[in-house]
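In: Sequence and predicted model, in that order:
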Amino acid sequence: MSSLEYLNLNSNNVNGSIPQTIGNLQLMKFLSLENNDLTGSIPNTIGNLNSMTHLLLSNNQLSGSIPDSIGNATLLQNVLFENNELTGSIPDTFGNLVYLTKLNLESNNLTGSIPNSIVNLLSLQVLDLSQNQLGGSIPNSIGNFINCTTFDLSDNQLNGSIPSSIGNMILLTYLDLSNNQLTGSIPNTIGDLTALQYLFLDHNNLNGSIPLSIGNNLLSLINLELSFNQLTGQIPSNIVNLSSLQKLYLDNNFLNGSIPDNIGLLSTTLKELQIQHNLLTGDLPSTLIDLALLTLCDLSPTRYR
């Protein structure tokens, strides 16, 4: 089998561990062991697979740390390790994988910070590190991910502010930083992400006002979720420019003023509106009745966390 280049054992009820001898398959380009019952650790010999472009190990019960030797497999394009029980930190050697387009480590038990070496991954299109225990701040170098369309760091323990360099990721359609411990204000540069369809910043400690650049520029937004933060100021009236918006969650903040009178201009798209538990005052706008597609609407005034 030393000449094997393609091996797909996806969803075959394979159990046991991945053998160290996997490293002998040095011509292997594609390896999928996804959706099985594999246990044990990822062998260090995985770094010997220097012809490998796709390494797919998701949805197993793999444990232990990701071996540093993975950085030797420098032709890797897709690395999918999500939904395992991996621990330890993300190896700095991931920075060697300059052809990587998709990295998914979602739903493991990874700790430590996001390595600065990921600045080298200029071809990255999808980065999903969600549902781990990662700490530290989001590196300023994320602005280098100019080809990235999906960026998900949700459900970790990240702190610090959202880097203003995020505005360089102009191809983003999906951005999820929710359920962390982020502080500071939402950078105005988020308005540069004009392809963005899904924006989740909820359940953090963000403060300041909602940037006007969101309503002015993010005209493709479908979901805008900013709830459970410490946002202040008024709901921008230009929010109605988001003509594709289906879900607007601004609840559990410190927003004041009144609901924009022109909210009814979202009548052809808006399905869910949550602005409860703020400090809003004034009368309900008469145009609320125009939101005929609403299936969920909560405007209750009393705020609690």
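Out: In hand now; what should we look at? These numbers were taken from a predicted model, which means no experiment stands behind them.
In: Spell out, range by range, the strands that occur in the stretch 101-250 of the chain.
Out: Assignment of strands within the stretch 101-250 of the chain using DSSP state E, counting those that start in this stretch yields the ranges 102-104, 126-128, 150-152, 159-160, 174-176, 181-182, 198-200, 207-208, 223-225, 230-231, 247-249.
In: and those as JSON lines, adding mean neighbour count, distance to residue 276 and mean pLDDT?
Out: All C-beta atoms are positioned from the backbone trio N, CA, C, and that covers glycine. Compiled in JSON lines, the strands of the stretch 101-250 of the chain are given as follows (neighbours: other C-beta atoms under 10 Å; distance: least, C-beta to C-beta, whole Å; pLDDT from 0 to 100):
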{"stretch": "strand 102-104", "mean neighbour count": "21", "distance to residue 276": "34", "mean pLDDT": "98"}
{"stretch": "strand 126-128", "mean neighbour count": "20", "distance to residue 276": "30", "mean pLDDT": "98"}
{"stretch": "strand 150-152", "mean neighbour count": "21", "distance to residue 276": "26", "mean pLDDT": "98"}
{"stretch": "strand 159-160", "mean neighbour count": "16", "distance to residue 276": "27", "mean pLDDT": "98"}
{"stretch": "strand 174-176", "mean neighbour count": "21", "distance to residue 276": "22", "mean pLDDT": "98"}
{"stretch": "strand 181-182", "mean neighbour count": "18", "distance to residue 276": "22", "mean pLDDT": "98"}
{"stretch": "strand 198-200", "mean neighbour count": "20", "distance to residue 276": "18", "mean pLDDT": "98"}
{"stretch": "strand 207-208", "mean neighbour count": "15", "distance to residue 276": "19", "mean pLDDT": "98"}
{"stretch": "strand 223-225", "mean neighbour count": "21", "distance to residue 276": "14", "mean pLDDT": "98"}
{"stretch": "strand 230-231", "mean neighbour count": "18", "distance to residue 276": "14", "mean pLDDT": "98"}
{"stretch": "strand 247-249", "mean neighbour count": "20", "distance to residue 276": "10", "mean pLDDT": "98"}
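In: got JSON lines for these, with distance to residue 273 too?
Out: Shown next, in JSON lines, are the strands of the stretch 101-250 of the chain (distance: least, C-beta to C-beta, whole Å):
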{"stretch": "strand 102-104", "distance to residue 273": "32"}
{"stretch": "strand 126-128", "distance to residue 273": "28"}
{"stretch": "strand 150-152", "distance to residue 273": "25"}
{"stretch": "strand 159-160", "distance to residue 273": "30"}
{"stretch": "strand 174-176", "distance to residue 273": "20"}
{"stretch": "strand 181-182", "distance to residue 273": "24"}
{"stretch": "strand 198-200", "distance to residue 273": "16"}
{"stretch": "strand 207-208", "distance to residue 273": "22"}
{"stretch": "strand 223-225", "distance to residue 273": "11"}
{"stretch": "strand 230-231", "distance to residue 273": "16"}
{"stretch": "strand 247-249", "distance to residue 273": "5"}
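In: quick one: which of those is nearest residue 288?
Out: strand 247-249 (12.5 Å; C-beta to C-beta).
In: That closest one - contacts with which helices or strands?
Out: strand 223-225, strand 272-274 (3 or more C-beta pairs under 8 Å, 6 or more residues apart in numbering; DSSP states H and E).
In: Serialize the ones you listed to JSON lines and add fields for distance to residue 158.
Out: Output for the helices and strands packed on strand 247-249, formatted as JSON lines (distance: least, C-beta to C-beta, whole Å):
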{"stretch": "strand 223-225", "distance to residue 158": "17"}
{"stretch": "strand 272-274", "distance to residue 158": "24"}
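In: so which of those gets nearest residue 83?
Out: Nearest to residue 83 among the helices and strands packed on strand 247-249 is strand 223-225 (23.3 Å), distances taken as C-beta to C-beta.
In: same for the closest one, what does it pack against?
Out: strand 198-200, strand 247-249.
In: Partner strands of the last one and their direction?
Out: Read it as strand 247-249. strand 223-225 (parallel), strand 272-274 (parallel) (DSSP bridges).
In: And the ones you listed: which comes nearest residue 33?
Out: By C-beta to C-beta (comparing all of these), the closest turns out to be strand 223-225, at 33.5 Å.
In: re earlier: what's the closest of the helices and strands packed on strand 247-249 to residue 194?
Out: Nearest of these to residue 194, taken as C-beta to C-beta: strand 223-225 at 14.3 Å.
In: on that earlier part again, export the helices and strands packed on strand 223-225 as TSV, with columns for distance to residue 95.
Out: TSV is the format used below for the helices and strands packed on strand 223-225 (distance: least, C-beta to C-beta, whole Å):
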stretch	distance to residue 95
strand 198-200	27
strand 247-249	36
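In: what residues are up against the residue lying closest to residue 53 once chain neighbours are set aside?
Out: Taking C-beta to C-beta, 6 or more residues apart in numbering, and ignoring the residues beside it in sequence, residue 53 has residue 77 as its nearest neighbour in space, at 4.7 Å. Applying C-beta atoms under 8 Å, 6 or more residues apart in numbering, we find residue 77 in contact with 53, 54, 99, 100, 101, 102.
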